[in-house]
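In: Need a 3D model of the sequence below.
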Amino acid sequence: MFLIVAKYLIPKGYSGMTVFPFVFLKHSADKVNVVFVNHEKIHLRQQLELLIIPFFIWYFLEFFFRLAQYRNANLAYRNISFEREAYDNESNLVYLKERSFLRFLNYIRLKTS
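Out: All right, here's what the predicted structure looks like:
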């Protein structure tokens, strides 16, 4: 994993972006933010599992599906299965050691309660 500060590469409203094997950060201070870095490491694992290109195809297809579902870009982004897994587990710093293969699949179906 390579942490690279690229302020102008990151879309407005976001702090980072992961494209295996790089994690692009908007702010250099995020290099030491263990929760943020763990969130991005979860995305690295997801990308490896789907062999990178299929990950991005799935990511954008699911984003557009969620956008049609919620009619709100931020809500669509937050409900992408990859993001739900990363946000739910970003504070668990041992998550990647115990995570099962293709775990993001458990996050495709939305909770109804």
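
In: any chance you could map the strands in the chain?
Out: 2-5, 16-19, 22-25 (DSSP state E).

In: Serialize these to a markdown table and add fields for distance to Glu98.
Out: Just so you know, the C-beta spots here come from the backbone N, C-alpha and C atoms, and that holds for glycine as well. Rendered in a markdown table, the data for those read as follows (distance: least, C-beta to C-beta, whole Å):
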| stretch | distance to Glu98 |
| --- | --- |
| strand 2-5 | 24 |
| strand 16-19 | 21 |
| strand 22-25 | 22 |
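
In: Pick the most buried one from those strands.
Out: Ranked by mean neighbour count, these are led by strand 22-25 with a mean of 20 (mean count of other C-beta atoms under 10 Å).

In: Could you list every helix and strand in contact with it?
Out: Under the contact definition 3 or more C-beta pairs under 8 Å, 6 or more residues apart in numbering; DSSP states H and E, strand 22-25 sits against strand 2-5, strand 16-19, helix 34-49.

In: if we go to 6 Å?
Out: In terms of contacts (3 or more C-beta pairs under 6 Å, 6 or more residues apart in numbering; DSSP states H and E), strand 22-25 is packed against strand 2-5.
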